[in-house]
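Colleague: here is the input, now give the coordinates:
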Amino acid sequence: MVITLTKLHTLLAKQLGENTAENLTTYIETKIKSEVENDTKGLATKADMAELKAVLKDDIISLQRWMVGIFVALSLMILGLYATILLK
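Modeller: Coordinates of the predicted model:
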C-alpha cells in the first residue's frame with residue numbers, strides 16, 4: 001500500500017489537527033530526503049565512470065607496453081642461448 005504525503009497529511013489532519021499534521025509531514029519529508037541523499041552520496045556518477053575509464057585505459061596501455069617489452073627481452077635471451085649453443 002502506497003501512501004503519499006498528501007494522503008498522510010489529510011489523514012493526520014482529521015485526527016491530530018492541521019498544524020500538527022503539517023509539522024509531522026514536513027518532518028517526514030525532510031527525513032526521507034536526507035536519508036536518500038545519504039544513501040546516494042557514495043554512488044558513482046557518469047563523470048566518475050568516465051574518469052575511471054580514462055584511467056583504466058591509460059593503465060591498460062602501460063601494461064601492454066610492459067608485456068611487449070618483456071616479450072622482446074625474453075625472445076632476445078632465448079635467441080642468445082640458442083646462439084651460444086649453436087656457435088659452441
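Colleague: residue 58 and residue 65, how far apart?
Modeller: Residue 58 sits at a distance of 11 Å from residue 65 (criterion: CB to CB, to the nearest Å). The C-beta positions use only the backbone N, C-alpha and C, and glycine is treated the same way.
Colleague: how about residue 39?
Modeller: In terms of CB to CB, residue 39 sits 41 Å off from residue 65.
Colleague: contact partners for the residue most central in space within the chain?
Modeller: Closest residue to the average C-alpha location of the chain: residue 44 at 3.4 Å, with CA atoms, centre = their mean. Each residue near residue 44 by CB atoms under 8 Å, 6 or more residues apart in numbering is listed here: residue 52.
Colleague: mind doing that once more with 6 Å?
Modeller: The contact partners of residue 44, by CB atoms under 6 Å, 6 or more residues apart in numbering, come to none.
Colleague: one more: residue 24?
Modeller: residue 12.
Colleague: what confidence value was assigned to it?
Modeller: We have a pLDDT of 88 for residue 24.
Colleague: list the buried residues for the helix or strand hosting it?
Modeller: Residue 24 is part of helix 18-40, with elements assigned from DSSP states H and E. Neighbour-count burial for helix 18-40, counted by 16 or more other CB atoms under 10 Å, picks out 21, 24-25.
Colleague: okay if I get those as TSV plus distance to residue 71?
Modeller: Output for those, formatted as TSV (distance: CB to CB, whole Å):
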residue	distance to residue 71
21	74
24	70
25	68
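Colleague: if you count residues, where's the longest helix of this protein?
Modeller: The longest helix of the chain (DSSP state H) is helix 46-87.
Colleague: any idea of the mean pLDDT in that helix?
Modeller: The model assigns helix 46-87 a mean pLDDT of 94.
Colleague: domains in this structure, by residue range?
Modeller: What automatic domain parsing lists as the domains of the chain is 1-43, 44-88.
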